[in-house]
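# When you get a sec, could you give me coordinates for this:
(chains A and B)
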Amino acid sequence: MTVNITAAATPSVGTVPRGLVPAGVVLGGTLISLIGLTWDIQWHSDVGPDTFFTLPHLFLYAGSAISGLASLAVVLLTTANAKRDKAVDPLVGGRAVGVFGRTFSAPVGYLVSGIGAALFLVYGLWDQWWHGLYGFDAVIDSPPHIGLLLSISITMVGAVMVFAVARDQSWGTYGVAVAAGTLLAFSMVTVLGLSALPGGPVNTVNAGSAFFSVMILFMGAYVLNRRGGALAVGVVVAFLQALFWWFSPWATEVYADATGLPLRDYVDGIPGLPNMIPMSLLLVAVAVELLRGLPAWVAGALGGVIITALAPLQRMLTYGSNFPALQRYVATVVAGAVLGALAGMLGRRFGQMLRHLAPAKEDRHA
Amino acid sequence: MRKTLLALAGTAALLLGLTAPALAFEPVNVVHTEKVQAGPYDLTIGFSTWPVKAMQSLDFTFAPENGIEGKKGTLTLYREGVEADDSPLARHPRKREVWGLDIFALPEQGTWTMKFDVEGPEGTGTGELKNLAVMEQPGPPMGLSWAISTIPLFGLIALIVIAWRRTRATVD
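Residues are numbered from 1 along each chain as shown, chains lettered A, B, ... in the order given. Next comes the predicted model:
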């Protein structure tokens, strides 16, 4: 059972633990971004016409705005408290760091999520300029789109950080699983940018999906440092995948009806974003849990192999695609093993680094 | 509370009010046409910008002389003689009386060919629009665009490196 130390110290807050509200708002913002992205991808594939103000776009803008404003509010409140020499609770977003000298005191988690939201604005302008030059293309992996996706990912990393700080409390534990799952699902779109890399016989997108999936699963497992951590992240991702499998085509059709636009001819009805998420992820999460006693690179390599080996089968199942050329398949699985091993080691280390964001238990009791 | 609700309702109304006219999608504006004879079918290929530049998206329209009713077909794209893409001829979403590709970009400069296989009441026919010159992409070189767009990634890596070094003593 967890003890809510800070809530007891500030009875005026009532039953809501300190730090939960801003962390929840930042996480809510990132989920709105993810909903906007899955909807937007489906809109382009099933309906098409684009403007700056489509509803899926508004979700994308609103997600970053909500996370950004919540982060800004926390930074300003922390700065005000620091200036008045009031104690700053490191449970809210982690230790405060000075920004612009000592002008602002920003809890490091909210600093990262806020920077992500600010970058989103900058890359929004870059994207507007790009569309002015190249037209309103529906290319998801254009450079400015990848810049926008990376900016949102940074906000999502900030969300993981603010929950990691409170990992000893139940809301922190669940928050880490949901925030890491959101980051993982979202990253499966960002990795499409890797198609611009020369990979030789390797399918760089599949290898990249394996790398980020394994890394984020390990990160979740090691930041929670308890049995079931990786599985919790895997279950969150599977839930989002199932939810969006239904939501994306449904919302697209409803919105098309509402705006009087027809669906394209030959729409295959297969949800775009959810199908980019490896269905084998739960299997990988179970493997990570079972191989906990072995070095991280072993389970990581196995995870990379599972994801890259099964990715073509998922596309055969959903799109009815052909099996890739054997040389390309083998090269990609080998790359998956190597990258998975590296991702396992990195994810483990990132999880341990995230644990350092929270003050040690002894300090808090002191 | 009432004021807050009113302010929220006002914001929502403003947003929707601004969104509704913004959703009026641009009509398809053909500025250049080419003719292709696909067996018994006369096809007019329309372009919404001309000349075509790599990566710059435009509307393509493919209009058989007597309309698309009762006809179907496939469009295959070749760049320098190598097949790049093929898809069934679908109605243009903003000009439903003809086939087309909406906001579509040819990704690379070079000489492209559009091959049409059409099937209809007068039988089947194949025709090609050859030597479609696609000019160099406008804007900065892709390397520079990618460098600008991946700054957040390198920022994140820098943050990780700092955190890694600061926690090295305690984690290792």
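
# Please name the nearest non-neighbouring residue to B:His52.
If you look again at residue B:52, you'll see it is Val, not His. B:Val134 (5.1 Å; Cβ to Cβ, 6 or more residues apart in numbering or on different chains). From N, CA and C alone the C-beta is placed, and that goes for glycine too.

# So for whichever strand or helix holds the one you found, mean pLDDT?
Here B:Val134 sits within strand B:123-135, counting by DSSP states H and E. If you average the pLDDT over strand B:123-135, you get 94.

# what sits up against that strand?
Residues outside strand B:123-135 that contact it (Cβ atoms under 8 Å, 6 or more residues apart in numbering or on different chains): B:34, B:36-41, B:43, B:45, B:51-54, B:106, B:108-118.

# Quickly run through the sheet partners of it, with directions.
Partners of strand B:123-135 in the sheet, by DSSP bridges, are strand B:52-53 (parallel), strand B:110-120 (antiparallel).

# Just the buried residues of it, please?
Using 16 or more other Cβ atoms under 10 Å in any protein chain shown as the test for burial, strand B:123-135 gives B:Gly125, B:Thr126, B:Gly127, B:Leu129, B:Leu132, B:Val134.

# Just give me the closest of the residues you listed to chain A.
B:Val134 (13.4 Å; Cβ to the nearest Cβ).

# in the sheet, who's paired with that closest one?
Note on B:Val134: beta-bridge partners B:Val52, B:Gly110, judged by DSSP bridges.

# Now do it against B:Ser48, distance only.
Remark: distance between B:Val134 and B:Ser48 (Cβ to Cβ, to the nearest Å) = 15 Å.

# try B:Pro107
According to Cβ to Cβ, B:Pro107 stands 18 Å off from B:Ser48.

# and these two? which has more neighbours close in?
The residue with more neighbours, out of B:Pro107 and B:Ser48, is B:Ser48; 22 against 13, by other Cβ atoms under 10 Å in any protein chain shown.

# While we're on that one, how confident is the model there?
We have a pLDDT of 94 for B:Ser48.

# That one touches B:Pro27, doesn't it?
No - using Cβ atoms under 8 Å, B:Ser48 is not in contact with B:Pro27; the gap is 9.7 Å.

# rewinding a little: quick one, which of the strands paired with strand B:123-135 is nearest to A:Glu253?
With Cβ to Cβ as the measure, strand B:110-120 is the member of the strands paired with strand B:123-135 nearest A:Glu253 (29.0 Å).

# And the contacts of that closest one?
Outside strand B:110-120, the residues touching it (Cβ under 8 Å, 6+ apart) are B:36, B:38-41, B:43, B:45, B:62, B:64, B:70-81, B:84, B:89, B:106, B:124-134.

# where do the strands sit along the chain?
Since you didn't name a chain, this refers to chain A. Assigned by DSSP state E, chain A shows strands spanning A:96-99, A:104-107.

# Actually, chain B is the one I wanted.
With strands called from DSSP E, chain B shows them at B:32-38, B:41-47, B:52-53, B:58-64, B:72-79, B:82-88, B:91-92, B:95-104, B:110-120, B:123-135.

# could those be laid out in a markdown table, adding distance to A:Tyr134?
Shown next, in a markdown table, are the strands of chain B (distance: least, Cβ to Cβ, whole Å):
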| stretch | distance to A:Tyr134 |
| --- | --- |
| strand B:32-38 | 19 |
| strand B:41-47 | 16 |
| strand B:52-53 | 9 |
| strand B:58-64 | 10 |
| strand B:72-79 | 18 |
| strand B:82-88 | 18 |
| strand B:91-92 | 20 |
| strand B:95-104 | 10 |
| strand B:110-120 | 17 |
| strand B:123-135 | 13 |
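
# Could you say which of those strands is packed most deeply?
strand B:58-64 (a mean of 23; mean count of other Cβ atoms under 10 Å in any protein chain shown).

# Check which helices and strands that one is in contact with.
strand B:41-47, strand B:95-104, strand B:110-120 (3 or more Cβ pairs under 8 Å, 6 or more residues apart in numbering or on different chains; DSSP states H and E).

# show me what contacts the residue nearest the centre of chain B?
Among the residues of chain B, the one closest to the centroid is B:Phe104, at 2.4 Å (Cα atoms, centre = their mean). Going by Cβ under 8 Å, 6+ apart, B:Phe104 touches A:Asp137, B:Ser57, B:Leu58, B:Asp59, B:Phe60.

# from the residues you listed, which is closest to A:Ser105?
A:Asp137 (42.8 Å).

# how many other residues sit next to the residue nearest to the closest one when sequence neighbours are not counted?
Nearest residue to A:Asp137, sequence neighbours excluded (Cβ to Cβ, 6+ apart): B:Ser57, at 3.8 Å. B:Ser57 has 22 neighbours, counted by other Cβ under 10 Å.

# need the contact list for B:Ser57.
B:Ser57 sits next to A:Tyr134, A:Gly135, A:Phe136, A:Asp137, A:Ala138, A:Val139, B:Ile103, B:Phe104, B:Ala105 when contact means Cβ under 8 Å, 6+ apart.

# again with A:Leu294
Applying Cβ under 8 Å, 6+ apart, we find A:Leu294 in contact with no residue.

# how far away is it from chain B?
19 Å (Cβ to the nearest Cβ, to the nearest Å).

# Per the annotation, how does chain B divide into domains?
B:32-135, B:142-171 (automatic domain parsing).

# Of these, which is nearest A:Phe163?
domain B:142-171 (16.5 Å).

# Please report which of the contacts of B:Ser57 has the highest neighbour count.
Ranking those using other Cβ under 10 Å puts B:Ile103 first, with 23 neighbours.

# List the residue ranges of chain B that fall below the pLDDT cut-off.
Applying pLDDT under 70 to chain B picks out residues B:1-24, B:171-172.

# give me that answer again for 80
For chain B, the stretches flagged by pLDDT under 80 are B:1-26, B:169-172.

# my guess is A:Gly228 meets A:Val286, correct?
No - the criterion here is Cβ under 8 Å, and A:Gly228 misses it with A:Val286 at 10.5 Å.

# my guess is A:Val288 meets A:Phe218, correct?
Yes - contact criterion Cβ under 8 Å: A:Val288 and A:Phe218 qualify, at 6.6 Å.

# okay, and the common contacts of those two?
With Cβ under 8 Å, 6+ apart, A:Val288 and A:Phe218 have common neighbours A:Ala230, A:Ala299.

# Count residues in the vicinity of residue 152, would you?
Answering for chain A, as no chain was given. Counted by other Cβ under 10 Å, the residues lying close to A:Ile152 total 30.

# Oops, wrong one, chain B.
Neighbours around B:Pro152, by other Cβ under 10 Å: 23.
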